[in-house]
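**Student:** Take this sequence and fold it.
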Amino acid sequence: MDMKETWKAVDAFIDEELHISDEVMESILEKNEEAGLPPIEVAATHGKMLYLLAKMSGASSILEIGTHGGYSTIWLARSLPKDGLMATLEVSDKHASIAEENIRNAGFEDQVTVIRGQALDSLPKLMEKGYPRFDFIFIDANKDGYPEYLEEALEVSTTGTVIVADNVVRQGKVIDPETEENNIPHIRKFIEMLSENDEIETTIIQTVGRKGYDGFLLGRVK
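**Tutor:** Residues are numbered from 1 along each chain as shown. From the prediction side, this is the model:
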């Protein structure tokens, strides 16, 4: 068994032994596939990780940049207290409609709002719409927008806000300053911005599994 097959097998083992997924989450994946959405959702193990991070941080307000079909949205929504709220930003009307249906079916329509449009247009208006500063922010959208998303995310954060960003290792290509592949220059700029910002403490966790080799950035606003 080669390493990629081993990663997939270990993911399957974790899923089964720790009962990671359930019928609701599986139905969301099926709905997204039937609708023709690309299978770029986080893995179930990573969805559970997001849930645990948000739960352990005590987040009562969550912002997601990049909804897709709502899979990670619902993992995060499950961490909220009954009076908690979540805003998730999605540029594609098709994806937003599918996500809204998935959110309703999962029972979170009263807590989660899908905001349509360009994230960079929506982010500066969140406070005007009455949203509080967010306790937890998950960035998983177009990678060329990560530097700007970070700037806007920090504007709606507060002391103790947890910021998580997906896809920041890109099969290890992030270490190559010469490559233009996979939006690496934008991801490197994103990481550089964090390294120069004394107001947030960060690390990057490399990940392997059925989704391949990548990584998450984890941060906390001081």
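
**Student:** any low-confidence regions in this protein?
**Tutor:** Of all residues in the chain, none has pLDDT under 70.

**Student:** Residue 45 is in contact with residue 10, correct?
**Tutor:** No: Residue 10 is beyond contact range of residue 45, at 9.3 Å (criterion: CB atoms under 8 Å). Every C-beta, even on glycine, is put in place using the N, C-alpha and C of the backbone.

**Student:** Show me where this structure has its helices.
**Tutor:** Remark: helices assigned in the chain by DSSP state H are 3-17, 23-34, 44-57, 71-77, 93-106, 119-122, 146-155, 184-195.

**Student:** Can you add distance to residue 178 and mean neighbour count and give those back as JSON lines?
**Tutor:** Listed next are these as JSON lines, based on distance: least, CB to CB, whole Å; neighbours: other CB atoms under 10 Å:
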{"stretch": "helix 3-17", "distance to residue 178": "26", "mean neighbour count": "13"}
{"stretch": "helix 23-34", "distance to residue 178": "35", "mean neighbour count": "15"}
{"stretch": "helix 44-57", "distance to residue 178": "29", "mean neighbour count": "19"}
{"stretch": "helix 71-77", "distance to residue 178": "32", "mean neighbour count": "25"}
{"stretch": "helix 93-106", "distance to residue 178": "33", "mean neighbour count": "19"}
{"stretch": "helix 119-122", "distance to residue 178": "28", "mean neighbour count": "17"}
{"stretch": "helix 146-155", "distance to residue 178": "19", "mean neighbour count": "20"}
{"stretch": "helix 184-195", "distance to residue 178": "9", "mean neighbour count": "18"}
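
**Student:** So which of those helices is nearest residue 214?
**Tutor:** Among the helices of the chain, the nearest to residue 214 by CB to CB is helix 44-57 (9.5 Å).

**Student:** Touching the closest one from outside, list them.
**Tutor:** Residues outside helix 44-57 that contact it (CB atoms under 8 Å, 6 or more residues apart in numbering): 11, 14-15, 18, 20-21, 25, 41-42, 62, 71-72, 75-76, 78-80, 135-136, 138, 160, 162, 164, 166, 207, 209, 211, 216, 218.
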